[in-house]
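J.: After the sequence you'll find the predicted model.
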Amino acid sequence: MRPVLVHIGNIRLMSYTVFLDLAVLVGLWVAYRLARRYRLPQDSVLDAALWGIVAGMVGARAHFVLANWDYYAVRTGEILQFWKGGMAFGGGLIAGIAACWTFGRARRVSVWDLLDPLAPALAIGSALAWVGNLLAGSAYGRPGRGLGYLFLPDIYGYVEYRFATQAVAAVVYAVLFAFLWYLLHRRPWPGLPFAAYLTLVGATQFALEFTRGDDTLLIGGLRLAQWLDAAAVIAGVILIVALRRHARPAAEGTSIKEGFVG
């Protein structure tokens, strides 16, 4: 739709890059504010988020390159050119979680106090990143007609009626942001917001992959990303059950909002 957001002299600001940067900045701000609001270790949350972003971008790019290896095998010079588009959610999530977990262990901070405020931050960041995909034409939907189909381009500029995958994803992630914020506000037990994030986002991504029109690596009839999405759903459900089982009974009426700072 608009791969180049704006020209400033000879400089072109690419839509995907601008919205990816915006997603990072907004996500960091949201994570910090939520940690402060609910009396969680805000400095550690911000540090963990920064490490998670770096690791997540590396993991997301590695996942995308692997899923499209036939293309990159003969274009190795483009492997590091992530600003042109090409991030995959599953690899980024795995690498980001690993970085946050390692950081928490090193700092001796509860990993749930780090990951819980990051859940809504990741959701709103993903919503903005999908807007960048929509403008750039990347992660485009399948051609067809019907409800949810719009006249949209693919990453090569070819325009036809295709499922508005990027727009639908942006809206869904915005809704998830609101729900996860509410869940953090209530927080019946530590770890629930992030476990819910894993479950809901894994299910969302798994469903969205069926609407995608871009080619990628298929394993057993499913896209590589869908196997990682399914693993996220399973891990999230297991975490919810395990954390609930080990949670201390809360006093009647107690919730995280008692720690509200303002």
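T.: Now that the structure is in, tell me what you want to look at. Numbers count the residues shown, from 1 in each chain.
J.: Now do the residue nearest to residue 24 when sequence neighbours are not counted: how many residues are near it, please.
T.: Leaving aside its chain neighbours, residue 24 sits nearest to residue 53 (5.9 Å; criterion: Cβ to Cβ, 6 or more residues apart in numbering). (Each C-beta comes from the backbone N, C-alpha and C, glycine too.) Neighbour count of residue 53, defined by other Cβ atoms under 10 Å: 18.
J.: if I look at residue 53, how far off is residue 27?
T.: For residue 53, the distance to residue 27 equals 8 Å [Cβ to Cβ, to the nearest Å].
J.: and what of residue 74?
T.: 35 Å.
J.: Who has more neighbours out of these two?
T.: residue 27 (24 against 8).
J.: Show me the helices in the stretch 51-200 of the chain, by range?
T.: 69-72, 89-107, 111-136, 165-186, 192-209 (DSSP state H, counting those that start in this stretch).
J.: Just the residues contacting the first one, thanks.
T.: If I follow you right, that is helix 69-72. The contact list for helix 69-72, computed with Cβ atoms under 8 Å, 6 or more residues apart in numbering, reads 65, 78, 79, 217.
J.: Of all pairs in those, which one is the farthest apart?
T.: Maximum pairwise distance in the contacts of helix 69-72, criterion Cβ to Cβ, is 17.2 Å, between 78 and 217.
J.: Residue 112 and residue 105: what is the separation?
T.: 13 Å.
J.: ok, those two, which is more surrounded?
T.: residue 112 (20 against 10).
J.: which residues does the more buried one contact?
T.: Contacts of residue 112 (Cβ under 8 Å, 6+ apart): 190, 191, 194, 243.
J.: Quick check: it vs residue 42, distance?
T.: 15 Å.
J.: then the helix or strand bottoming out on mean pLDDT in the chain to PDB, C-alphas only?
T.: When the helices and strands of the chain are scored by mean pLDDT, DSSP states H and E, strand 4-8 comes last with a mean of 74. This file holds the C-alpha atoms of strand 4-8, laid out as PDB (Å, rounded to 0.1, in the frame of the first residue of the first chain):
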ATOM      1  CA  VAL A   4       7.900   4.100   1.500                       C
ATOM      2  CA  LEU A   5       6.200   6.100   4.300                       C
ATOM      3  CA  VAL A   6       7.900   9.400   3.500                       C
ATOM      4  CA  HIS A   7      10.800  10.900   1.500                       C
ATOM      5  CA  ILE A   8      13.100  13.400   3.200                       C
END
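J.: Quick one: distance of that strand to the chain centre.
T.: The chain centre lies 26 Å from the centre of strand 4-8; the measure is Cα atoms, centre = their mean, to the nearest Å.
J.: tally of neighbours for the residue nearest to residue 233 when sequence neighbours are not counted?
T.: Excluding the flanking residues, the one nearest residue 233 by Cβ to Cβ, 6+ apart is residue 202, at 3.9 Å. Per other Cβ under 10 Å, the neighbour tally for residue 202 reads 24.
J.: ok, residue 202 to residue 54 distance?
T.: Distance of residue 202 to residue 54, given as Cβ to Cβ: 23 Å.
J.: Identify each buried residue in stretch 147-156, please.
T.: 149, 152, 153, 154, 155 (16 or more other Cβ atoms under 10 Å).
J.: my bad, should have said stretch 200-218
T.: Per 16+ other Cβ under 10 Å, stretch 200-218 contains these buried residues: 200, 201, 202, 204, 205, 206, 208, 209, 211, 212, 213, 216.
J.: same thing with stretch 16-27?
T.: In stretch 16-27, counting by 16+ other Cβ under 10 Å, buried: 16, 17, 18, 19, 20, 23, 24, 26, 27.
J.: How far off centre is that stretch?
T.: With Cα atoms, centre = their mean, you get 12 Å for stretch 16-27.
J.: Name the residues that touch that stretch?
T.: Contacts of stretch 16-27 (Cβ under 8 Å, 6+ apart): 3, 5, 49, 53, 83-85, 87, 121-122, 124-129, 131-133, 135-136, 138.
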